[in-house]
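S.K.: would you be able to build a 3D model of this:
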Amino acid sequence: MFKPEKNISRVRAEIHRAAQAAGRNANTIMLVAVSKGQPVEAIAAAAAAGVRDFGENQVQEALKKVAALGHAQLRWHFIGPVQSNKTCAIAEHFDWLHSLDRLSIAERLARQRPPAMAPLEVCLQVNIDREATKAGVDPDQLEALALGVAALPNLRLRGLMAIPRPRAGARSVWSGWQE
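M.R.: As a prediction, the model looks like this:
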């Protein structure tokens with residue numbers, strides 16, 4: 001049986017320390033457990049330990065987990081590159097999208113989001129170092145994309161996501177905002 005309580009407690013303590021160091025309230029920081037490749041039992045155990053947000057980057061794998069565990073107390077985050085043939089599944093089954101980088105994809109998601117669902121929370125993926133091997137909107141195109149996404153129904157622009165080029169002593173981080 002999976003028992004993630006100690007690991008989750010350790011991560012929450014690290015979040016609390018980092019928040020304090022940055023002068024932030026730790027309660028305003030969302031912990032998203034990346035559950036890709038994990039069995040449903042492990043996700044259920046993490047949920048029982050208080051985790052509510054789970055990130056997936058493979059639509060088909062995620063849909064099986066969503067079907068098994070549902071949305072009752074959990075929020076599902078899509079964290080991978082978005083293919084146009086997967087937008088309907090993302091619009092219908094996810095609460096968050098962390099990797100939006102094209103207006104055409106945003107328009108598809110807005111059309112495909114079921115009206116009974118809350119708006120899809122989206123973060124724009126920015127290729128801040130303009131690396132050819134990474135997805136994301138070019139920083140010079142960010143404002144236009146943000147304005148286009150913000151104007152669409154059924155989507156709620158929540159922030160930015162970027163994975164910087166590795167630098168000595170630095171770790172890859174997600175950055176964003178929430179209200």
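S.K.: show me the contacts for Arg113.
M.R.: Residues in contact with Arg113 (CB atoms under 8 Å, 6 or more residues apart in numbering) are Ala91, Glu92, Pro119, Leu120, Asn154, Leu155. Every C-beta, even on glycine, is put in place using the N, C-alpha and C of the backbone.
S.K.: what about the helices in this protein?
M.R.: 5-21, 40-48, 59-69, 87-93, 103-112, 142-150 (DSSP state H).
S.K.: relative to Ala168, which of those helices is closest?
M.R.: Within the helices of the chain, the stretch nearest Ala168 is helix 5-21; the backing value is 19.8 Å (CB to CB).
S.K.: got the buried residues for the closest one?
M.R.: Of the residues in helix 5-21, those buried by neighbour count under the rule 16 or more other CB atoms under 10 Å are Ile8, Arg12, Ile15.
S.K.: report the contact partners of the last one.
M.R.: Taking CB under 8 Å, 6+ apart as the criterion, Ile15 is in contact with Ala26, Ile29, Leu31.
S.K.: what pLDDT does it get?
M.R.: The pLDDT attached to Ile15 in the predicted structure is 95.
S.K.: I'd like the distance between it and Cys123.
M.R.: The span separating Ile15 from Cys123 equals 18 Å under the rule CB to CB, to the nearest Å.
S.K.: can you pull out the low-pLDDT segments for this protein?
M.R.: Counting by pLDDT under 70, the chain has low-confidence residues at 1-2, 169-179.
S.K.: list the contacts for the closest residue to Ser104 other than its chain neighbours?
M.R.: Nearest in space to Ser104, with sequence neighbours left out and distances taken as CB to CB, 6 or more residues apart in numbering, is Ser84 at 7.4 Å. For Ser84, the residues meeting the contact criterion (CB under 8 Å, 6+ apart) are Ser104, Ile105, Arg108.
S.K.: in PyMOL, select just the buried ones from the residues you listed.
M.R.: Those of the contacts of Ser84 that meet the burial criterion (16+ other CB under 10 Å) are gathered into one PyMOL selection, given here:
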select buried, resi 105+108
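S.K.: quick one: which of the contacts of Ser84 is nearest Glu41?
M.R.: When these are compared for distance to Glu41, the smallest value, 32.7 Å, is given by Ile105; criterion: CB to CB.
S.K.: which single one of the contacts of Arg113 is nearest to Glu61?
M.R.: Comparing these against Glu61 with CB to CB picks out Glu92 as the nearest, at 15.8 Å.
S.K.: got the contact list for that closest one?
M.R.: Residues Gln112, Arg113, Pro114, Met117 are the ones in contact with Glu92 under the rule CB under 8 Å, 6+ apart.
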